[in-house]
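[1] next comes the sequence, and after it the predicted model I'd like to discuss.
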Amino acid sequence: MKTTPFTEKHISLGAKMHEFAGYNMPIEYSGIIDEHLTVCQGVGVFDVSHMAELVLEGPDALKNANNLTTVFVDEMADGQVKYSPMCNEQGGIVDDLMVYRLKADKYLFVVNAANHEKDDAFMKAHITGDVTFTDISESVAQVALQGPASEEILKKVCPEECIPTVYYTFVEKGKITLASGRVIEAIVSKTGYTGEDGYEIYCANEDAPELWNTLLEVGRDEGLIPCGLGA
């Protein structure tokens with residue numbers, strides 16, 4: 001099975017691990033119901049590094065992004081996110097995904113882990129013109145900080161100007177101060193799959209373990225707990 005930069009952290013914290021989309025992922029820590037309620041009422045942190053990140057860049061990136069999704073990508077502003085199906089020629093759904101507009105000629109697609117290889121092949125087969133397609137999944141880690149108290153925790157490590165305030169927007173080069181005092185750059189996105197207020201943070205693999213430790217440390221007073229995919 002594949003691992004994420006956080007796998008050793010999960011095991012050391014006693015998570016119940018199981019295969020999910022080819023990855024060894026934590027299904028639960030303290031229990032699915034406890035983690036679910038904590039995210040509803042307080043805050044939890046999730047490893048979602050199994051998600052895949054694909055980038056389209058170049059003069060024809062916008063044309064291709066519009067063709068691959070069912071949303072109006074040309075109406076998006078820099079720093080905006082949209083959720084969309086990716087459809088085949090018959091209108092059937094290949095996958096659902098998030099598209100991030102980094103700039104007018106550069107778009108980040110975040111797709112489901114179980115469909116990573118299929119989506120990669122589908123996009124490669126359907127892009128045309130002057131555009132570069134890059135799969136950056138192996139170099140990117142993703143953490144979801146979710147729940148009503150998530151903003152208070154993020155404020156402890158991230159300056160206000162690097163915290164997006166509008167749902168489905170992001171800061172591409174957000175500054176995050178780790179417990180060691182080291183400052184890293186990460187995409188800070190006001191998105192998530194829990195239905196609660198929260199953020200998703202995309203960082204380099206090498207920064208991931210320290211980011212995880214930092215969030216648990218600064219979130220202790222708010223009752224932050226690690227959560228598994230079950231929640």
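    Noted; the coordinates are in hand. Numbering: from 1, shown residues only.
[2] all strands of this structure, in order?
    Listed in chain order, the strands of the chain (DSSP state E) span 16-20, 23-28, 44-47, 52-57, 81-87, 93-103, 106-111, 132-135, 140-146, 170-177, 183-189, 198-204, 225-227.
[3] pick the most deeply packed of these.
    Compared across these, strand 44-47 shows the largest average neighbour count, a mean of 26 (mean count of other C-beta atoms under 10 Å). In short, each C-beta sits where N, CA and C put it, glycine included.
[4] chain center to that one: distance?
    Chain-centre distance of strand 44-47: 11 Å, with C-alpha atoms, centre = their mean, to the nearest Å.
[5] quick one: contacts of that strand?
    4, 6, 10, 25-26, 35, 38, 142-147, 212, 215-216, 219, 224-229, 231 (C-beta atoms under 8 Å, 6 or more residues apart in numbering).
[6] try stretch 213-227
    Contacts for stretch 213-227 (C-beta under 8 Å, 6+ apart): 9-10, 13, 15, 26, 28-30, 35, 38-39, 42-47, 143, 145-146, 149, 152-153, 156-157, 176, 178-179.
[7] now that stretch: average pLDDT?
    The pLDDT scores in stretch 213-227 average 97.
[8] contacts only, for residue 3.
    So residue 3 contacts 23-24 (C-beta under 8 Å, 6+ apart).
[9] do you know the pLDDT at the closest residue in space to residue 55 that isn't next to it in sequence?
    Among residues not flanking residue 55 along the chain, residue 134 sits closest, at 4.6 Å (C-beta to C-beta, 6 or more residues apart in numbering). Looking at residue 134, its pLDDT is 98.
[10] got the contact list for residue 26?
    10, 15-17, 47, 226, 228-229.
[11] which of those lies closest to residue 96?
    For the contacts of residue 26, the residue nearest residue 96 by C-beta to C-beta is residue 229; the value is 16.9 Å.
[12] run a quick neighbour tally on that closest one.
    By other C-beta atoms under 10 Å, the residues close to residue 229 number 18.
[13] for residue 95, see how far away it is.
    From residue 229 over to residue 95 the distance is 18 Å, taken as C-beta to C-beta, to the nearest Å.
[14] before we move on, what about residue 55?
    16 Å.
[15] need the strands of the chain in a markdown table (columns: distance to residue 64).
    As requested, those are exported to a markdown table (distance: least, C-beta to C-beta, whole Å):
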| stretch | distance to residue 64 |
| --- | --- |
| strand 16-20 | 30 |
| strand 23-28 | 28 |
| strand 44-47 | 30 |
| strand 52-57 | 6 |
| strand 81-87 | 12 |
| strand 93-103 | 11 |
| strand 106-111 | 8 |
| strand 132-135 | 9 |
| strand 140-146 | 21 |
| strand 170-177 | 20 |
| strand 183-189 | 21 |
| strand 198-204 | 21 |
| strand 225-227 | 35 |
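[16] to residue 124, which of the ones you listed lies closest?
    strand 132-135 (5.9 Å).
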